[in-house]
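Chemist: quick one: sequence and predicted model below, then my questions.
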Amino acid sequence: MTPRNMTLWQIIDALAQQIPFSKQKVETVLSTHLAEKDRNTYTIFLEGPGPELQEGVQIRLVDLRLARGAEGITKGFLVLDIGGTCITTSQLMVKYDYLRITDTPSGHSLNGTTAYSQDMSWGKLSFGFEEKNPDCLADVAFDPKKDD
């Protein structure tokens, strides 16, 4: 199944099955190419365009951050910038039963985000709604558990 034939919920499920993330796993699920944008001692930053999904939902940007440890890549953090057809908080609440507010805007910028998060078996899944458009989903973040 290609991303164009999938819903955002199916993409989220498919990506969660790829944890721990790697560049290749994320590129394969999203049918995209990620390029290195920066790196430091601790993190490799990769970005790329995302696909259009069913019902006009778009993944505008894929932001993958791979943590570097003494033994190589130890963890990946992934953010999907969402656009296109609006996904509302009501639609989100139907799909995820145990969401809680984990971040709120500081009031200093319209780019501030209210984040709704749910603990999953693999880590934390978060959904961001920006202050400038609080009724439409702006991003989805995957924060896998740290290695033991």
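Modeler: Perfect, I can see it now. Residues are numbered from 1 along each chain as shown.

Chemist: state the phi and psi torsions of residue 109.
Modeler: Dihedral pair for residue 109: phi -160, psi 150, per degrees, to the nearest 10.

Chemist: tell me the contacts of it?
Modeler: residue 131 (C-beta atoms under 8 Å, 6 or more residues apart in numbering). C-beta here means a position set from N, CA and C on the backbone, and glycine is covered the same way.

Chemist: pLDDT wise, what is it at?
Modeler: Residue 109 carries a pLDDT value of 73.

Chemist: likewise residue 53?
Modeler: pLDDT recorded at residue 53 is 96.

Chemist: just checking, what packs against the helix or strand bottoming out on mean pLDDT in the chain?
Modeler: Least confident helix or strand, the chain: strand 72-84 with a mean of 88, by mean pLDDT, DSSP states H and E. On a contact count with 3 or more C-beta pairs under 8 Å, 6 or more residues apart in numbering; DSSP states H and E, strand 72-84 meets helix 8-16, strand 57-69, strand 139-144.

Chemist: repeat that with 10 Å
Modeler: Contacting strand 72-84 under the criterion 3 or more C-beta pairs under 10 Å, 6 or more residues apart in numbering; DSSP states H and E are the following elements: helix 8-16, helix 23-30, strand 43-48, strand 57-69, strand 123-130, strand 139-144.

Chemist: would you turn these into a markdown table with mean pLDDT and distance to residue 109?
Modeler: Below are those laid out as a markdown table (pLDDT from 0 to 100; distance: least, C-beta to C-beta, whole Å):
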| stretch | mean pLDDT | distance to residue 109 |
| --- | --- | --- |
| helix 8-16 | 97 | 25 |
| helix 23-30 | 96 | 29 |
| strand 43-48 | 96 | 22 |
| strand 57-69 | 93 | 19 |
| strand 123-130 | 96 | 9 |
| strand 139-144 | 97 | 15 |
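
Chemist: before I go, just wanted to say thanks for your time.
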